[in-house]
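>>> This is a predicted model, with the sequence first.
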Amino acid sequence: MLELLRVSVSKRAAVSVHLGQRLPAVRANPAQIRQVVMNLITNASEAIGDQDGVIRITTGVVKAGKDTVPGLKALGAGGYVQLKVSDTGPGIAPEVQTRVFDPFFTTKATGHGLGLTVVQGIVGNLSGTIRISSRPGTGTTVRVLLPCTKREASITRPACRDEDHESQFPQPTILIVEDEDLLRQAVSKVLGKKGYSVIEAKDGSVALAVIGDPQKLVNVILLDLTLPGISSRQVLEEAKRLRPQMKAIVTSAYTEQMAADLLIRRFDGFIRKPYQVAELMELVRRTLSA
């Protein structure tokens, strides 16, 4: 996740991190926490855009109850682990703040919207809450609060994988269709390091040009659900028509069911944004071997 975040955060943004020590545990698995963090940081980076700015990431413990801090009166009494991500972007207008959790509403120009829908779903499932404070011209702060458990959090590390296993594979070609430049370049870099041949397409028209070129071999298309111009549905339909043996993996911050409803045509794999490198590698391997 760190490698993807480094290239996903705007180069104009300075990142300040202040993490609380010996935080209580929360009832969440590492994948859920990583997904929340990556979405919030990506949103903050998009809010800053091409301007100089700062992203501040802090964690700590807050109390709800008689001596609650402002904004937490609706929470049950007790301790909460707080993740706070602030940006110095343009902020969110009051009339827009009421819609940022709508899954079919995006404020990509200001960097907030779709990612918050994903975060809200995860946080809600963990019995937590998410709060937003923002004013135009002053930036935005998103706070995620998760109820503490009674034991101290522990750090677990995934078992080591045999990286040499990657070299046993031939070099299939993967077409990455993604309009977010930094994300596309990061994924391309990671796949290349794993031994795959990669072709990048920033939109549907470029993807169709690659698919229609008989000189270019494509084994798998990694297709973002939301593309400017030619839609992902059109790209997938043409890909399956011209190259019926080509496998298709769809990626989106929406759910797999939403993707299926929008695309209609069947795809071979789905991975929800934000995802981990290991998850993508495993899905690519399964898709190629199916």
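Nice, I can see it. Numbering: from 1, shown residues only.
>>> Is there a neighbour count for the residue nearest to residue 127 when sequence neighbours are not counted? I'd like the number.
The shortest distance from residue 127 to any non-neighbouring residue, by C-beta to C-beta, 6 or more residues apart in numbering, is to residue 147 (5.7 Å). C-betas here are computed from N, CA, C, even on glycine. Using other C-beta atoms under 10 Å, residue 147 has 18 other residues around it.
>>> Helix or strand: which one has residue 147?
Here residue 147, judged by DSSP states H and E, is contained in strand 139-152.
>>> returning to that earlier point: any idea how far the residue nearest to residue 127 lies from residue 237?
Distance check for residue 147 against residue 237: by C-beta to C-beta, to the nearest Å, it reads 46 Å.
>>> what do you get for residue 190?
Between residue 190 and residue 237 the distance is 28 Å, computed by C-beta to C-beta.
>>> And these two? Which one has more around it.
residue 190 (17 against 14).
>>> If I look at the closest residue to the more buried one other than its chain neighbours, what pLDDT would I see?
Closest residue to residue 190 apart from its sequence neighbours, by C-beta to C-beta, 6+ apart: residue 277 at 5.4 Å. Residue 277 carries a pLDDT value of 83.
>>> where in the chain is pLDDT low?
The chain contains residues with pLDDT under 70 at 1-10, 65-75, 102-115, 150-170.
>>> switch to 80 and redo it
Applying pLDDT under 80 to the chain flags the ranges 1-12, 30-31, 34-35, 64-77, 98-118, 150-171, 265, 290.
>>> can you give me the helices for it?
Ranges of helices in the chain, per DSSP state H, are 2-8, 30-48, 94-97, 114-125, 181-193, 204-211, 232-242, 256-263, 277-289.
>>> nearest to residue 88, of these?
For the helices of the chain, distance to residue 88 was read as C-beta to C-beta. The smallest value, 6.6 Å, belongs to helix 30-48.
>>> report the angle between the axes of that closest one and helix 181-193?
Helix 30-48 and helix 181-193 meet at an angle of 140 degrees, taking axes from the mean of the first three to the mean of the last three C-alpha atoms, to 10 degrees as the criterion.
>>> Okay, buried residues for helix 30-48 please.
Across helix 30-48, burial judged by 16 or more other C-beta atoms under 10 Å covers 32-48.
>>> Quick one: work out the angle between it and helix 114-125.
150 degrees.
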